[in-house]
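A.B. asks: Just to be clear, the model below is a prediction. Sequence and coordinates:
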Amino acid sequence: MIVVFFFFVCFAASTVGALVGAGGGVIIKPVLDMVGVLPV
């Protein structure tokens with residue numbers, strides 16, 4: 001289940017990043033931190 005969540009977040013972030021011109025990591029890291037899945 002967590003793999004599906006990671007895939008969805010990464011896919012959505014990469015798509016939005018490509019449209020906006022920002023890198024996907026700019027979106028991925030804050031989302032995963034907000035959910036608390038991968039704390040720093």
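C.D. replies: On my side now, so go ahead.
A.B. asks: contacts and neighbour counts: CA atoms only from here.
C.D. replies: Noted.
A.B. asks: quick one: least confident helix or strand in the chain?
C.D. replies: Here the helix or strand of the chain ranked lowest by mean pLDDT, DSSP states H and E is helix 25-35, holding a mean of 83.
A.B. asks: for that helix, packing partners?
C.D. replies: helix 2-20 (3 or more C-alpha pairs under 8 Å, 6 or more residues apart in numbering; DSSP states H and E).
A.B. asks: Could you tell me how far the helix it packs on lies from the centre of the chain?
C.D. replies: Computed by C-alpha atoms, centre = their mean, to the nearest Å, the chain-centroid distance of helix 2-20 equals 5 Å.
A.B. asks: Same check on stretch 13-25?
C.D. replies: Counting by C-alpha atoms, centre = their mean, stretch 13-25 comes out at 10 Å from the chain centroid.
A.B. asks: who's in contact with that stretch?
C.D. replies: The contact list for stretch 13-25, computed with C-alpha atoms under 8 Å, 6 or more residues apart in numbering, reads 10, 27, 28.
A.B. asks: In contact with the nearest residue to the first one once chain neighbours are set aside: list those residues for me.
C.D. replies: For residue 10, the nearest residue in space outside its immediate sequence neighbours is residue 28; the separation is 6.3 Å by C-alpha to C-alpha, 6 or more residues apart in numbering. Listed by C-alpha under 8 Å, 6+ apart, the contact partners of residue 28 are 9, 10, 13.
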